[in-house]
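Undergrad: turn this into a structure:
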Amino acid sequence: MPHMCSFPLSPQIIFYEDRNFLGRSYEVMNDCPDMSSYLSRCHSCRVERGCFMVYDRTNYMGNQYFLRRGEYSDYMSMMGMNDCIRSCRMIPMYRGSYRMRIYERENFGGQMYELMDDCDNIMDRYRMSNCMSCNVMDGHWLMYEQPHYRGRMMYMRPGEYRSFMNMGFSGMRFMSMRRITDSCY
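TA: From the prediction side, this is the model:
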């Protein structure tokens, strides 16, 4: 009996100029730092497969929003966005362990705690009032401005993040963290 391998289909998101999937469309299957050369505006999208982070500025800057498989007929009102989507980043599927160290101060200073699962409130769990840097060793994570996974968010992939302020998040504190797991896909 021959051995069959199944390969997952590539992530796919389709952006539309107007609400309710109308107007010109643009299909994306990986990262796109600037959508303005394809669409003059973007007010709805459909995630066919996978998960994506979308940004309201080019080059993965500005406010970030996490999108999983589904239809977003008017995401500006659904998510409270002030502007159109200008760039998007595909989040690769990951099946493995999750590990991230969070630090109270910039450049990995102050208190340090290691997370291997979701944390809905760093103040309650660690008595930590601020998180200014982190090191993501394994997995892909979402960090949230408020406890219980609310408020503005930031996508973190493996790497060292020495200063959230230098990344354009001045005045923003991250108070909860969630793993992007299989169940998101």
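
Undergrad: which strands or helices does the helix or strand hosting I14 pack on?
TA: Here I14, judged by DSSP states H and E, is contained in strand 12-18. Packing contacts for strand 12-18, counted by 3 or more Cβ pairs under 8 Å, 6 or more residues apart in numbering; DSSP states H and E, involve strand 22-28, strand 44-49, strand 87-91. C-beta coordinates here come from the backbone N, C-alpha and C atoms, glycine included.

Undergrad: other residues contacting it?
TA: 22-29, 35, 38-50, 52, 67, 85, 88, 90 (Cβ atoms under 8 Å, 6 or more residues apart in numbering).

Undergrad: try it again at 6 Å.
TA: 23-29, 39, 41-49, 52 (Cβ atoms under 6 Å, 6 or more residues apart in numbering).

Undergrad: please apply the same query to stretch 97-115.
TA: By Cβ under 6 Å, 6+ apart, the surrounding residues in contact with stretch 97-115 are 116, 126, 128, 130-139, 141, 162-163, 179.

Undergrad: quick one: P92 from D31, how far?
TA: Separation of P92 from D31 (Cβ to Cβ, to the nearest Å): 10 Å.

Undergrad: actually I122, sorry about that
TA: Counting by Cβ to Cβ, the separation of I122 from D31 is 29 Å.

Undergrad: comparing those two, which residue is more hemmed in?
TA: Taking other Cβ atoms under 10 Å, I122 and D31 do not tie; I122 has more neighbours (24 against 12).

Undergrad: tell me the phi and psi of S183?
TA: Main-chain torsions, S183, degrees, to the nearest 10: phi -60, psi -20.

Undergrad: tell me the pLDDT at it?
TA: What the model reports for S183 is a pLDDT of 72.

Undergrad: what helix or strand does the residue nearest the centre of the chain sit in?
TA: Centroid-nearest residue in the chain: Y155, 3.5 Å away (criterion: Cα atoms, centre = their mean). Using DSSP H and E, Y155 maps to strand 150-156.
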